[in-house]
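Peer 1: Here is my input, please return the structure:
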Amino acid sequence: MTTLHHDLAATDAPRTPVTMTTPGSLGEALALLAGGQAAAVGGGVGHTLARQARRPPRATTLVPVASLPELTAVTWSDDHVTVGAGLRLSAVEADTRLRAAWPVVTEAVGSVATARIRRMVTLGGNIAAADDSHDPPVALAAAGALLTVRSARSTRTLRITDAADLRAGELIQDIRLPLPAHGQTGSAYEKFLVRGVWEYACVNVAAVVHLDDSGTVERLTVAVGSVTGGPVLVDLAGLRGGTVDSALTEEAARRAAAGTRPYGDVRGSAPYKSRMIAEFTRRAVTRAALRAAEGAGR
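Peer 2: Below is the predicted model:
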């Protein structure tokens, strides 16, 4: 275990002494986090420091966790893949086996900012920030991923949509993705950027289409980000049993726009974003359906 001491100065507050303690194992990290004013950091110290300003008392110990072996493995079983929360986005993006199973995830991860940032940011750090504009959580929500959350005293499972419910002393250990067991599955990710690649999305949409062996829609899932409380899973009950035609795509787009609450900001007004949610839902569902029909999503 390595410890460094810093003085972090804020513009409106006195200098605050901060200890950076690097654990040698996941157990050590959890013990440090259980001690009180400590925060796990991994591929995004800035998010932690920004939260400190909004949620006093401020952390006095920062615990880097991104390099812990327990958080950087990718393991496969017959029905799921488990991705360590400390894996860099660039490594997730480059995983060819994961791309074949869940292209929606690798597309979303690969769309984050720039290559340089993707080499620094971890998947767990991106999720734990609980920012409704982030790309990976939207795709992971559509894919049905679950989070394994650890503390010194317990282990629990959270849905991606509940990532903001992390408690003090907890960190994300891994992300578990189910693997489609039968039929054909296609998935796709779409986002609309008003400005450059480093900008947050105006809207982002992930779609997953499951077809049975006859080509009939067994299940359709759409998740929308950059909205209030995002990512949001759209209620698409009843959209099954037929084919992915223009009528189904339009209904999915209508429900996505009606079932989410976009907020107006510099990227667009709320009504404008609603129209964009509908448009990019059409695109995501169409591409996911094509992949499902071609067998490219699994």
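Peer 1: shaky segments in the protein?
Peer 2: 1-16, 44-57, 198, 296-298 (pLDDT under 70).
Peer 1: all strands for it, in order.
Peer 2: With strands called from DSSP state E, the chain shows them at 2-10, 13-22, 38-41, 61-64, 74-76, 80-84, 146-150, 155-159, 171-178, 184-192, 203-211, 217-225, 232-233.
Peer 1: What is the burial count for G215?
Peer 2: By the criterion of other Cβ atoms under 10 Å, G215 has 12 neighbours. All C-beta atoms are positioned from the backbone trio N, CA, C, and that covers glycine.
Peer 1: distance of it from I172?
Peer 2: According to Cβ to Cβ, to the nearest Å, G215 stands 37 Å off from I172.
Peer 1: Excluding chain neighbours, what is closest to A108?
Peer 2: Nearest residue to A108, sequence neighbours excluded (Cβ to Cβ, 6 or more residues apart in numbering): A139, at 3.5 Å.
Peer 1: And for that neighbour, the neighbour number?
Peer 2: Count around A139 with other Cβ under 10 Å applied: 32.
Peer 1: about what we covered before: make TSV out of the strands of the chain and add mean neighbour count.
Peer 2: Below are these laid out as TSV (neighbours: other Cβ atoms under 10 Å):
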stretch	mean neighbour count
strand 2-10	10
strand 13-22	14
strand 38-41	23
strand 61-64	21
strand 74-76	13
strand 80-84	20
strand 146-150	21
strand 155-159	13
strand 171-178	22
strand 184-192	25
strand 203-211	29
strand 217-225	24
strand 232-233	21
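Peer 1: Reformat the ones you listed into TSV and put distance to D131 next to each item.
Peer 2: Output for the strands of the chain, formatted as TSV (distance: least, Cβ to Cβ, whole Å):
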stretch	distance to D131
strand 2-10	21
strand 13-22	23
strand 38-41	15
strand 61-64	19
strand 74-76	24
strand 80-84	19
strand 146-150	15
strand 155-159	16
strand 171-178	14
strand 184-192	14
strand 203-211	12
strand 217-225	9
strand 232-233	14
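Peer 1: T106 is nearest to which of the ones you listed?
Peer 2: Of all these, strand 184-192 sits nearest to T106, with 8.7 Å by Cβ to Cβ.
Peer 1: how many degrees apart are that closest one and strand 203-211 in direction?
Peer 2: 170 degrees (axes from the mean of the first three to the mean of the last three Cα atoms, to 10 degrees).
Peer 1: Given strand 184-192, what are its sheet partners and their directions?
Peer 2: strand 203-211 (antiparallel) (DSSP bridges).
Peer 1: Helices along the stretch 151-298 of the chain, start to end?
Peer 2: For the stretch 151-298 of the chain, the helices defined by DSSP state H, counting those that start in this stretch occupy 246-258, 270-294.
Peer 1: winner for burial among these?
Peer 2: Mean neighbours per residue, mean count of other Cβ atoms under 10 Å, is largest over the helices of the stretch 151-298 of the chain for helix 270-294, with a mean of 21.
Peer 1: Any idea how far that helix is from the middle of the chain?
Peer 2: For helix 270-294, the separation from the chain centroid amounts to 18 Å (computed by Cα atoms, centre = their mean, to the nearest Å).
Peer 1: and that helix, what does it pack onto?
Peer 2: Contacts defined by 3 or more Cβ pairs under 8 Å, 6 or more residues apart in numbering; DSSP states H and E place helix 270-294 against strand 184-192, strand 203-211, strand 217-225, helix 246-258.
Peer 1: okay, now A94: neighbour count?
Peer 2: 14.
Peer 1: ok, it to G110 distance?
Peer 2: In this view, A94 and G110 are 9 Å apart by Cβ to Cβ.
Peer 1: Roughly how far does G124 sit from V209?
Peer 2: 28 Å.
Peer 1: Tell me who's in contact with the residue nearest to R254 when sequence neighbours are not counted.
Peer 2: In space, R254 comes closest to A278 once its chain neighbours are excluded; the distance is 6.7 Å by Cβ to Cβ, 6+ apart. Residues counted as contacts of A278 (Cβ atoms under 8 Å, 6 or more residues apart in numbering) are 253-254, 256-257.
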